[in-house]
Every structure is written in structure tokens, then in C-alpha cells.
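Asker: Prediction below, plus the sequence it came from.
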Amino acid sequence: MDTDVEVLIAGAGPTGLLLACELGLAGVRAAVAERLPRRSGQSKALNLQPRTAEVLDCRGWLAPLLDRSLTLLPAGHFAGLPLDYAALDSPFPHQVGIPQARVEEFLEDQLARYDVPVLRGRELTSFRQDAEAVTATLRTRDGTEHTCRARYLVGADGGRSTVRRLLGTPFPGRDGRIGMAVADVELAPAGDGSGGPGETWQLPDLAPDPAGVAFLLPLGDGVHRLTFGGPEQQNADRDSPVTDDEVRGALARCPGPRRELRRVRWASRFTDASRQAERYAEGRVLLAGDAAHIHAPAGGQGLNLGMQDAFNLGWKLAATLRGRAPDGLLATYHAERHPVGARVLANTRAQVVLTLPDPDAMVVRDLLADLLTEPQANRRVAAMIAGTDIRYPMPGAPDHPLLGTRVPGIRLPAGRGALLADAASKAAATAEPWADRVDRPGGAPVADEGEALLVRPDGHVCWAGRDDDSQGLHAALTRWFTGSP
Ligand SMILES: Cc1cc2nc3c(=O)[nH]c(=O)nc-3n(C[C@H](O)[C@H](O)[C@H](O)COP(=O)(O)OP(=O)(O)OC[C@H]3O[C@@H](n4cnc5c(N)ncnc54)[C@H](O)[C@@H]3O)c2cc1C
């Protein structure tokens, strides 16, 4: 069939760009249409959670991002209550402090290697889908319209997604109830020459305070991220500009010596609106990232959730386009990622409640703070925020403690699946006919003696069993990597 591209992605945010990298790696003809004529350089998110770090490392993309990072923080937080990430079973038990813009820049640079274009200044304004393809209209700034025909369209076009709206997918949830603001500010050096507050990364103090919250994070080159909220932000119109006076007032509320504002680079308001698309896929159109879910930025999860959506979706789209996907593979995208998104919405709502200056909420907060000093409670909540406890359902596979979990530290740079088993085992021989799509990585973490693990291209175990169970493994290879080649 004649199409311009196999996959058109609307939106060059972190979700769209990672998806494009995954598709490019798999040799899929893809393009990204981005409304903005050039990168804004602005960053809402500032962190990669451990699971996102694992995902990037799986393809060999983490090391260059670490080179561009500001810091590694061996902790996360739940409503400002510290979570010790050392307890995680991850090779990356820390948050990577890195502005979103640097992640996007790196991913876009990768795309050049795969010949996947980012079409800047092209806004997707409409589309229609038929049995074979989607035809989208892309409008340039001067009003010129181009059509692009693609086998699939992915809406990675953010919280106010045009794709979602045109699709008519219900987006149930609720509007924001709290109003806050962020500003990237240039500050005069602290008077005492110490560098002053906000010169090292610390977890935010989100203890409820009727005057509001305000905290600083250093972004390098004298720029700081100021996040704040109080009665003024609460009552402000969501789309009204953040004033310098508001920023000065928030700076005065930051702990430590007073810092002088030199310049506001950019500022924006945000809320705790919480909504999730009812369906992540309708025919040939899929939603990912903020287009599929919005929530308060509590705990630093939104970018991470979106990038992990992309990682789940990319290989499934590629396999479908190459005719290597069993029926229903693409449907597992919604089945697996919708519950993960719902869980993040739930935990962010809980976090917001725990930061409200409500005496009853404070009692719950104190109770939780106490509970989190227990190693088991810390581990559990840390794994939830870090994204390392995600376990996808694997219908039809025999139960096993590792089934559906991710293999920490696995490297799958070619984007193929993997069999982890002894080279001399029956399992290795069984998987031989799938050698063009299932690797046997050397140096990868191996299964327990006598066992074999079949791992999908996204690092999740889709079959685990005895390494002489050829029938079970054969069925799983067929299930995930299509019938006998
Ligand atoms: C104040 C704040 C702080 C945050 N902090 C964190 C944090 O610390 N950690 C974290 O993980 N997350 C954080 N987030 C959330 C995170 O920034 C988002 O979840 C993330 O940007 C989502 O990425 P995305 O690619 O899905 O969407 P976006 O980043 O919104 O990208 C969508 C892209 O689509 C483009 N676009 C829109 N419409 C169209 C169209 N019709 N056609 C073509 N292009 C279009 C847009 O220009 C944009 O480039 C924060 C959010 C806020 C508001």
C-alpha cells in the first residue's frame, strides 16, 4: 500500500521522540510532526526515574544522557516524604537529574541516525482513518496544508492533545483543584558566598503550610528552578502570566538566606487536573504520554510514564508493521499501559491530599511518614514511584514469580527479544529458528539453573519455565514473536 510513512507521530516531546527512536531502530519509516517551529529549550520535568534509566540503558542510550545530567539523587519522594532508592533491585537506584530539554535534544539527535525526520512547524489539525491507513492534515505556520498518509498515527501531542479530541475518546477524571507555578530564574549569588540555598539537589519540603510551598533546584549556569504555590497561585487564572512579583514573593518563602531575582527565563502555571483516556487505541490511532493521561507532577512521574508508554508501544507497532505480530499484540498496549497510568493517577492524587493544609490530611501524612521508616514500606512505595514494580499480565503463560516483571540491567540494543538460558539447553535449540528476532545476549543476567526466561524487546519476561520445556517455550515464542518462521 502506498503511504508517505508507516507511522506518523504527532508531537516531539519526550514520548513522541522516544517512540520515534524505537521505530527508527526497528527500521520503520516514521516521521514526527511537531507544531513548534523550533525546540523551546524549556523543561517541565527534571528527572529520569530508575525504570526509565533502565529502559534507556537497555538500548545503550543512558550513558550519553548521564553525561548531560546535573546530578544523581539516591532518593525519590512521596508527597515530599523521602524514599530511599538504595532499596530498589535496580542497577540505577537513583533519579537522574536532567532537564527534559536535554533528553529531548539527545533523542532528536538519535533520530538523524535512523533517518526519521522531525517535521517542525507542522501542526496536526485533522485526520481520518480507513481500513488501511490514516490520512492526516498537517498545517504549517503560514496556513499551508499538507496531507500525510500513514499506516498508524500516534498522538503524543501532550495534555491538550488534538489527536485525542478528534478521536472523541472520553477523557474522564477531574479538573485541577490546586494551582501552582514554576519559574526558571536567574539569581544573584548568595551574599555570604556560600552558594546559598538551592545549590544542591534536595527533596522538596512539601509539608502543608497555609502560606504555601516554595523550593529551589539548581539547573546549572546560575539558573534555578523555582516551584511554588500559595493563595495567589491558587486564585490565579490558569492561563494568566506568572508575574515577577509573584516570583519574588515565592523566593522570599524559600528556606535559607534571601536570594535576589535577576531575571525570569520562563514561567508557567500548573494544576493537579487528573484525567485518563478511556482507550489508548482506536483503530489505527494510538495515544501515548500526556495525550493519554494528565496528573499532578507529584513525585516526578509524568515524563517517565510517557517514555515508558513509548517503550511499550514501539516494538509492538514495529512487529505489527513487519507482519511479525500475532493477532492482538497491539491491543496489549492498552491492556498493559492503561492500568499503569491509572495507578500513577491514583498515587499523585493521594500525594496532593497529603500536602494540603488540612489537619486530618496532616495526621495521615504523619502516619505515613512513620510507616515509611519501615524498610518494607519504603521499598514498596519507592518501587512504585521508580516504576520498577510494574508487572504486566501475561495471559496464558504458566505462573512464575518473574512472569511479567522486567529484567533489570538487560541490554537489548537491537530492539529484539531475548532468551536467557544455558547455551547447551533444549531451550536454546528451541529458540534457534527465531534467531532473527530473539537474541541470546552474552553477559546478560541468566535465569536460575535449569530455567529459561523469554524476554520481550521491552525487557519484560513473557515466559519463564524449565529449560527443557520445549513445548511451553515454543508456544510462547509463537505467541510473542509470531508463528514458526
Ligand atoms: C510543572 C511541571 C513539572 C513537571 N515535572 C516533572 C518531573 O519532574 N518529572 C516527570 O517525570 N514529569 C514531570 N512533569 C510532567 C512532564 O513534563 C510531562 O509528563 C511530559 O512533558 C509529557 O511528555 P509528552 O511527550 O507526552 O508531552 P509533551 O511534553 O507535552 O509534548 C507534546 C508535544 O506535542 C506538540 N504538539 C501539541 N499539539 C500538536 C499538534 N496538534 N500537532 C503537532 N504537535 C503538537 C507540542 O508542541 C509538544 O512539543 C511536569 C509537568 C509540569 C507541568
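Answerer: Received it, and whenever you're ready, just let me know what you need. None of these values were measured; they are calculated from a predicted model. Residues are numbered from 1 along each chain as shown.

Asker: count of neighbours near residue 373?
Answerer: Counted with other CB atoms under 10 Å, the neighbours of residue 373 add up to 11. Every C-beta, even on glycine, is put in place using the N, C-alpha and C of the backbone.

Asker: contact partners of stretch 261-268?
Answerer: Outside stretch 261-268, the residues within contact range by CB atoms under 8 Å, 6 or more residues apart in numbering are 42, 44, 181-188, 223, 241-242, 244, 247-248, 251.

Asker: What about these, which are in strands?
Answerer: Residues of the contacts of stretch 261-268 located in strands (DSSP state E): 181-187, 223.

Asker: Up against the ligand, what does the stretch 201-350 of the chain have?
Answerer: Residues of the stretch 201-350 of the chain lying near the ligand by CB under 6 Å from any ligand atom: 270, 289-290, 297, 300-304, 306.

Asker: pLDDT weak spots in this structure?
Answerer: 1-2, 190-199, 442-446, 483-485 (pLDDT under 70).

Asker: Excluding residues flanking it in the chain, which one is nearest the residue in the stretch 51-200 of the chain positioned nearest to the ligand?
Answerer: Using CB to the nearest ligand atom, residue 158 is the residue of the stretch 51-200 of the chain that sits closest to the ligand, at 2.8 Å. Spatial nearest neighbour of residue 158, chain neighbours left out: residue 290 (4.7 Å); criterion: CB to CB, 6 or more residues apart in numbering.

Asker: care to break the protein down by domain?
Answerer: The chain breaks down into these domains under automatic domain parsing: 5-46+99-172+275-350, 179-271, 417-481.

Asker: Report the separation between the residue of the stretch 151-300 of the chain at minimum distance from the ligand and residue 45.
Answerer: Closest residue of the stretch 151-300 of the chain to the ligand, CB to the nearest ligand atom: residue 289 (2.2 Å). Look at residue 289 and residue 45: by CB to CB, to the nearest Å, they are 11 Å apart.

Asker: cool, residue 431 as well?
Answerer: Residue 431 is 38 Å from residue 45, where distance means CB to CB.

Asker: Of those two, give the one with the bigger neighbour count.
Answerer: residue 431 (26 against 20).

Asker: And what about the residue lying closest to residue 200 once chain neighbours are set aside, helix, strand or coil?
Answerer: Excluding the flanking residues, the one nearest residue 200 by CB to CB, 6+ apart is residue 218, at 7.1 Å. Three-state call for residue 218 (DSSP: H, G, I helix; E, B strand; the rest coil): strand.

Asker: what about residue 218, how many residues close to it?
Answerer: Residues near residue 218, counting by other CB under 10 Å: 20.

Asker: Settle this for me: it is touching residue 70, isn't it.
Answerer: Yes: contact criterion CB atoms under 8 Å: residue 218 and residue 70 qualify, at 7.4 Å.

Asker: Find the residues that touch each one of those two.
Answerer: Between them, residue 218 and residue 70 share these contacting residues under CB under 8 Å, 6+ apart: residue 201.

Asker: Helices of the stretch 351-485 of the chain, start to end?
Answerer: Using DSSP state H, counting those that start in this stretch, the helices of the stretch 351-485 of the chain run over residues 359-371, 375-386, 426-431, 470-481.

Asker: quick one: which of the ones you listed is nearest the ligand?
Answerer: helix 375-386 (10.1 Å).

Asker: Ignoring the adjacent residues along the chain, who's closest to residue 325?
Answerer: residue 319 (4.0 Å).

Asker: helix/strand/coil for the one you found?
Answerer: Per three-state DSSP, residue 319 ends up helix.

Asker: measure it to the ligand for me?
Answerer: Going from residue 319 to the ligand by CB to the nearest ligand atom, to the nearest Å gives 23 Å.

Asker: Tell me how many other residues surround that residue.
Answerer: 23.

Asker: again with residue 38
Answerer: 8.

Asker: same check, this time on the one 3 residues further on
Answerer: Counted with other CB under 10 Å, the burial measure for residue 41 works out to 13 neighbours.

Asker: who's in contact with it?
Answerer: Contacts for residue 41 (CB under 8 Å, 6+ apart) come out as residue 101.

Asker: Distance of it relative to residue 18?
Answerer: Distance from residue 41 to residue 18, by CB to CB: 19 Å.

Asker: try residue 295
Answerer: Distance from residue 295 to residue 18, by CB to CB: 19 Å.

Asker: Residue 250 now?
Answerer: From residue 250 to residue 18 the distance is 33 Å (CB to CB).

Asker: same question, residue 370
Answerer: As judged by CB to CB, residue 370 and residue 18 stand 38 Å apart.

Asker: same check, this time on residue 454
Answerer: From residue 454 to residue 18 the distance is 24 Å (CB to CB).
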